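A.B. asks: Fold the stuff below for me.
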Amino acid sequence: MNPLPLLPFQRRFLRAALAPGIDTACLSGPRALGKSWIAGHILARALTPDDPLFRAGTESVLCAASIEQARIVFRFARAALAPVGGYRFLDSATRAGITHLASNTRLRVIGSNGRTAMGLVNCPLAVCDEPGAWEVKGGELLHDAVQTAQGKPGSPLRAIYIGTLAPALDGWWRQMAEAGSNGSTHVTLLQGRRGRWRDLREIRRVNPLTAIDSRFLRKLVEERDAARRDTRLKARFLSYRLNLPTADESTVLLTVEDWARVMARPVPEPDGRPIIGLDLGQNRAWSAAVALFPNGRCEALAVAPGIPDLGDQEKRDIVPAGTYRRLHELGVLHIVEGLRVPPVRAVVNLILERWGRPRVMVSDFFRLADLQDNCRGVRIETRRTRWSEASFDIRSLRKAALDGPLAAARPDAALIEASLAFAMVKNDEGNERLVKRGANNTARDDVAMALTLAAGAQARRPARSGGVFLGAVQG
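C.D. replies: Here you go, the predicted model:
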């Protein structure tokens, strides 16, 4: 076999992975790292006579999420061996393999089903492609089968795992890669530092192929710039370009990093009439209101029923003891004594007492009648739960948090932060909306919903002279 030239980091990994005493090796890095080519290179060597990896008459395996996913690696190995001659190739819809005819040395491709790997006897090599994409249950079974085969007395099995950490968020693969080298295990982990994800030097460090391909570097710069504008794109960029599993970032309303930006900004004094985002609760749910001033100042309040008391509500909602009582002591959580459901009139009175008559009050479309009966003289806007409208509001909030001017007043920030921890976003082909937990909501995302409505309304209004909210974000 005439191998293609190896890059320095590839040579370093192979020296370490194939060193004496190493039976398990992991290479994890971003996409476009040449991982599939390295996997194919290793397998081709295992089928090449006179190579140190060659064991005549044995069967090595290529493990992947499915036969179809394995084809990329399989075809790299086939392309390296086909010109040499003397091999039989099997490549059908359900099976794939290679046999060196003279020695009956074989490669078998298996999917992530542990039952297909139980026969790993006298197997010298298992190359495991993209373990993060393996089925959760089947992947664990396959990993267990490989580990069990290695644990048999006299087993020659060397397992090499190659792939990005994503899409898995946790589990054995991520734990193995992030645990590092130890004893008979070698790990090469190319992973960015979360706090430096915008730094071009960091991006180049984690993506070594940028040193030999300027077009690839330009592509990564374009993706980074797009990720700064859209949290969904940021999650993909971190996961697949910096090898930081962050699929969960696409399901949170604001990331920890973006909320830290909000908290770090100086909070301006109230200036002008605010826009009020309002989420009216029913049954167990609280009611919440968020005021956004034109200069970015953000204030909030919530109203909870008096029955049951806050201590019982904390136990029911499974939050740390004292959480709700502290918010009440700070003056941002109000109690409606003797009632099980906060009445709309009580919520509206608190809003008007604190902020006066707002520029506009924005609420869910289905509570319009309640507000009309209780907010005479106040302009009311409603938002339906359509995906397009919800996506606009969410993007508006994220943009204001990322680029400014959103700044949370104290102690209101404690109430907002507590709610953001529970707010969940659902994705549907590029559109997003907050997931409410129904009429008996106990997740306390009420304030986050009110904040999102207010941010969307603020972004839809034209910027005033000297103003800081820049009008509508691009959809």
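
A.B. asks: Tell me which other helices or strands the lengthiest strand in the chain touches.
C.D. replies: Identified as the longest strand of the chain according to DSSP state E is strand 297-305. Counting contacts by 3 or more C-beta pairs under 8 Å, 6 or more residues apart in numbering; DSSP states H and E, strand 297-305 packs against strand 287-292, helix 323-330, strand 333-336, helix 344-355, strand 407-408, helix 412-420, helix 446-460. All C-beta atoms are positioned from the backbone trio N, CA, C, and that covers glycine.

A.B. asks: That one: partners in the sheet, and parallel or antiparallel?
C.D. replies: Strand pairing for strand 297-305, determined by DSSP bridges: strand 287-292 (antiparallel), strand 333-336 (parallel), strand 407-408 (parallel).

A.B. asks: want to throw those strands into JSON lines with mean pLDDT?
C.D. replies: Formatted as JSON lines, the strands paired with strand 297-305 follow (pLDDT from 0 to 100):
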{"stretch": "strand 287-292", "mean pLDDT": "96"}
{"stretch": "strand 333-336", "mean pLDDT": "94"}
{"stretch": "strand 407-408", "mean pLDDT": "96"}
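
A.B. asks: deepest of those strands, which one?
C.D. replies: Across the strands paired with strand 297-305, the average number of neighbours (mean count of other C-beta atoms under 10 Å) peaks for strand 287-292, which reaches a mean of 29.

A.B. asks: buried sites along the longest strand of the chain?
C.D. replies: Residues Arg297, Cys298, Glu299, Ala300, Leu301, Ala302, Val303, Ala304, Pro305 are the ones in strand 297-305 that count as buried (16 or more other C-beta atoms under 10 Å).

A.B. asks: Let me know the closest of these to Ile162.
C.D. replies: Nearest to Ile162 among these, counting by C-beta to C-beta, is Cys298 at 46.1 Å.

A.B. asks: what's the burial count for Arg88?
C.D. replies: 10 (other C-beta atoms under 10 Å).

A.B. asks: Could you do the one 4 residues further on as well?
C.D. replies: Other residues within reach of Ser92, judged by other C-beta under 10 Å, total 8.

A.B. asks: now swap in Leu238 and tell me
C.D. replies: Close neighbours of Leu238, defined as other C-beta under 10 Å, add up to 22.

A.B. asks: hang on, the earlier thing: could you redo the strands paired with strand 297-305 as TSV and give each row distance to Thr452?
C.D. replies: Shown next, in TSV, are the strands paired with strand 297-305 (distance: least, C-beta to C-beta, whole Å):
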stretch	distance to Thr452
strand 287-292	9
strand 333-336	19
strand 407-408	14
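
A.B. asks: Of all the ones you listed, which one comes closest to Asn243?
C.D. replies: Taking C-beta to C-beta, strand 407-408 is the member of the strands paired with strand 297-305 nearest to Asn243, at 32.2 Å.

A.B. asks: Just confirm Ile72 is within a helix.
C.D. replies: Yes. Under DSSP: H, G, I helix; E, B strand; the rest coil, Ile72 falls within a helix.

A.B. asks: check contacts around it.
C.D. replies: Going by C-beta atoms under 8 Å, 6 or more residues apart in numbering, Ile72 touches Ser36.

A.B. asks: 10 Å instead?
C.D. replies: Lys35, Ser36, Trp37, Ala39, Gly40, Ala64, Asp129, Glu130 (C-beta atoms under 10 Å, 6 or more residues apart in numbering).

A.B. asks: In PyMOL, select just the buried ones from those.
C.D. replies: Applying 16+ other C-beta under 10 Å to these, the buried members can be selected in PyMOL as follows:
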select buried, resi 35+36+37+39+40+64+129+130
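
A.B. asks: Among the contacts of Ile72, which one lies nearest to Ala285?
C.D. replies: Glu130 (42.2 Å).

A.B. asks: For Ala25, see how far away the closest one is.
C.D. replies: Going from Glu130 to Ala25 by C-beta to C-beta, to the nearest Å gives 15 Å.

A.B. asks: pretty sure Pro294 is in contact with Ala457, am I right?
C.D. replies: No. Counting by C-beta atoms under 10 Å, Ala457 is not a contact partner of Pro294; they are 11.8 Å apart.

A.B. asks: Would you mark the buried spots in stretch 366-377?
C.D. replies: For stretch 366-377, the neighbour count (16+ other C-beta under 10 Å) marks Arg367, Asp370, Leu371, Asn374, Cys375 as buried.

A.B. asks: before we move on, which element is the second one in?
C.D. replies: Using DSSP states H and E, the element containing Asp370 is helix 368-374.

A.B. asks: Tell me the helix or strand right after that helix.
C.D. replies: Scanning forward in sequence from helix 368-374 by DSSP H and E, the next helix or strand is strand 380-383.

A.B. asks: I'd like to know which elements whatever helix or strand comes next after that next one is packed against.
C.D. replies: For strand 380-383, the following helix or strand on the C-terminal side (DSSP H and E) is helix 387-403. Applying 3 or more C-beta pairs under 10 Å, 6 or more residues apart in numbering; DSSP states H and E, one finds that helix 387-403 contacts helix 214-229, helix 231-241, helix 256-264, strand 380-383, strand 407-408, strand 425-428, strand 431-434, helix 446-460.

A.B. asks: Could you identify which of the ones you listed is most buried?
C.D. replies: With a mean of 27, the top stretch among the helices and strands packed on helix 387-403 by mean neighbour count (mean count of other C-beta under 10 Å) is helix 446-460.

A.B. asks: still on that earlier bit, for Val221, which of the strands paired with strand 297-305 is the nearest?
C.D. replies: The nearest among these, by C-beta to C-beta, is strand 407-408 at 29.9 Å.
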